[in-house]
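[1] 3D model of this:
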Amino acid sequence: MASMNRRDFIKRTAAAAAITTTAVTGVAAGPVYAGNSKGQYATVIDMTRCDGCKEFDTPKCVTACKVKNGHRYPEPIDNIPDYWPQKKHEDWSGKRDITNRLTPYNWIFVQNIQVEDKGKTYELSIPRRCMHCDNPPCAKMCPFGVMEKTREGAVTIDHNFCMGGSKCKDVCSWGIPQRQAGVGMYLKLAPKLAGGGVMYKCDLCQDLISKGEKPACAAGCPNNAMTFGLRDEVLQYAEDLAQKMGGFIYGDKENGGTSTYYVSPVSFEVIDSKLKEEQNALRMHGAENPLEKLNGMGKAMLIAPIAGIFAAAIASYKTMKGER
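    Next comes the predicted model:
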């Protein structure tokens with residue numbers, strides 16, 4: 001045992017425990033989640049294991065997310081004003097039961113598609129939520145500095161101070177964050193502007209992973225399609241899984257790299273061509289990070305002073321309130 005390195009030990013332990021290896025891939029379950037370890041975490045989504053929970057009305061990952069985060073969902077005021085100067089606002093409060101797309105009340109959903117590839121037909125189910133990018137343009141380009149990449153790897157939004165500007169959604173390659181009007185700081189500062197609202201998305205259950213627990217979606221999956229653990233080990237597992245099934249990885253390089261890896265027996269070009277035809281579908285294209293482009297960097301530099309001032313004000317406020 002002394003001659004074995006840490007990665008080999010984890011792999012062998014996982015292999016011994018995973019008696020229920022899937023016949024499709026012939027690969028054992030992923031690395032054991034080392035909940036007491038410190039560092040960045042990531043998720044592998046094995047698309048040969050996810051079946052969309054077809055025997056249930058709602059996929060279990062979606063239900064688990066709603067149960068865990070329901071108390072944090074927005075509760076807007078009545079008679080929400082329009083988002084000045086626009087004559088509109090985004091109100092999802094009457095559509096809380098929607099589960100086939102992302103909303104401020106639904107932070108994960110499952111896309112189900114059928115694709116043809118190399119003479120075979122595949123029924124694929126794809127859980128979609130925030131990718132938790134390595135270099136998140138949403139956090140870097142938020143004008144108010146209320147988003148951050150935590151040390152555990154989650155990209156989070158401070159709902160108490162978000163001004164709902166939607167820059168995060170604009171720069172996200174997948175359009176993940178969703179806005180709910182009639183909530184947030186505007187109610188205290190300028191109620192007539194409350195149509196601006198607050199942005200919402202998956203935060204990888206930051207409160208749970210900071211305590212050494214799995215995100216609700218991963219813990220709730222009945223097919224162990226989501227493997228959660230330390231980033232390096234999870235990425236190695238994804239690479240091994242893709243190699244053994246002769247498959248493909250998505251998320252390791254897209255948008256400059258993320259903390260969510262999909263492994264599929266079908267190429268993501270084929271998948272994306274199908275998703276292009278679907279209503280409300282989140283595309284799986286070759287996403288590029290806008291921060292890597294000169295124009296994006298220029299915009300980031302322009303808003304950085306504003307974000308810095310606002311972040312400093314937030315820090316001072318929290319200190320006064322005894323939250324720091």
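[2] Which parts of the stretch 51-200 of the chain are strands?
    Applying DSSP state E, counting those that start in this stretch to the stretch 51-200 of the chain gives strands spanning 109-117, 120-128, 147-149, 155-157, 178-180, 198-200.
[3] so what secondary structure elements neighbour the third one?
    Counting contacts by 3 or more CB pairs under 8 Å, 6 or more residues apart in numbering; DSSP states H and E, strand 147-149 is packed against helix 137-140, strand 155-157. C-beta: built from backbone N, CA, C; applies to glycine.
[4] Can you list the neighbours in contact with it?
    132, 133, 134, 136, 138, 139, 155, 156, 157, 158, 168 (CB atoms under 8 Å, 6 or more residues apart in numbering).
[5] mind checking how far the fifth one is from residue 269?
    Think residue 138. According to CB to CB, to the nearest Å, residue 138 and residue 269 sit 25 Å apart.
[6] With neighbour numbers in mind, choose between those two.
    Each of residue 138 and residue 269 has its neighbours counted (other CB atoms under 10 Å); residue 138 has more, 23 against 12.
[7] Quick check: closest non-adjacent residue to residue 250.
    Closest residue in space to residue 250, ignoring its immediate chain neighbours: residue 262 at 4.3 Å, by CB to CB, 6 or more residues apart in numbering.
[8] now swap in residue 276 and tell me
    residue 283 (6.6 Å).
[9] Quick check: the closest residue to residue 153 other than its chain neighbours vs residue 133, distance?
    Sequence neighbours aside, residue 40 is the residue nearest to residue 153 in space, at 3.9 Å (criterion: CB to CB, 6+ apart). According to CB to CB, residue 40 and residue 133 sit 12 Å apart.
[10] and what of residue 263?
    Residue 263 is 18 Å from residue 133, by CB to CB.
[11] Helices along this structure, start to end?
    6-17, 60-69, 137-140, 167-171, 186-189, 206-209, 216-220, 231-245, 268-275, 294-320 (DSSP state H).
[12] Out of those helices, name the one with the poorest average pLDDT.
    When the helices of the chain are ranked by mean pLDDT, helix 6-17 comes last with a mean of 37.
[13] ok, back up a step: the residue nearest to residue 153: neighbour count?
    Neighbours around residue 40, by other CB under 10 Å: 18.
[14] and it, what does it touch?
    Counting by CB under 8 Å, 6+ apart, residue 40 touches 151, 152, 153, 230, 231, 259.
[15] right, and out of the contacts of strand 147-149, which lies closest to residue 235?
    residue 134 (11.3 Å; CB to CB).
[16] Verify the stated contact: that closest one with residue 253.
    No - Residue 134 lies out of contact with residue 253 (CB atoms under 8 Å); the separation is 10.0 Å.
[17] between those two, which one's more packed in?
    The residue with more neighbours, out of residue 134 and residue 253, is residue 134; 18 against 11, by other CB under 10 Å.
[18] quick one, phi/psi of the more buried one?
    When read as degrees, to the nearest 10, the backbone of residue 134 gives phi -70, psi -40.
[19] Next, count neighbours for the closest residue to it other than its chain neighbours.
    The spatially closest residue to residue 134, leaving aside those adjacent along the chain, is residue 257, at 4.1 Å (CB to CB, 6+ apart). Using other CB under 10 Å, residue 257 has 15 neighbouring residues.
[20] now residue 212
    Residue 212 has 13 nearby residues by other CB under 10 Å.
[21] One more: residue 79?
    Residue 79: 7 neighbours (other CB under 10 Å).
[22] tell me the contacts of it?
    The contact partners of residue 79, by CB under 8 Å, 6+ apart, come to none.
[23] do you know how far it is from residue 250?
    Counting by CB to CB, the gap from residue 79 to residue 250 is 43 Å.
[24] before we move on, what about residue 197?
    Counting by CB to CB, the gap from residue 197 to residue 250 is 31 Å.
[25] who's more crowded, those two?
    residue 197 (31 against 26).
[26] Go ahead and confirm that one touches residue 185.
    No - Residue 197 is beyond contact range of residue 185, at 9.7 Å (criterion: CB under 8 Å).
[27] What pLDDT is listed against the residue nearest to residue 250?
    For residue 262, pLDDT reads 98.
[28] List the residues that contact it.
    Residues in contact with residue 262, defined by CB under 8 Å, 6+ apart, are 44, 45, 47, 126, 249, 250, 251, 268, 284.
[29] How about residue 62?
    Taking CB under 8 Å, 6+ apart as the test, what residue 62 contacts is 99, 106, 108, 109, 110, 217.
[30] would you list these in a markdown table and tack on neighbour count and distance to residue 176?
    As requested, the contacts of residue 62 are arranged in a markdown table below (neighbours: other CB atoms under 10 Å; distance: CB to CB, whole Å):
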| residue | neighbour count | distance to residue 176 |
| --- | --- | --- |
| 99 | 19 | 16 |
| 106 | 25 | 12 |
| 108 | 23 | 10 |
| 109 | 22 | 11 |
| 110 | 21 | 15 |
| 217 | 27 | 14 |
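[31] Between those residues, which sits nearest residue 279?
    Nearest member of the contacts of residue 62 to residue 279, counting by CB to CB, is residue 109, at 12.8 Å.
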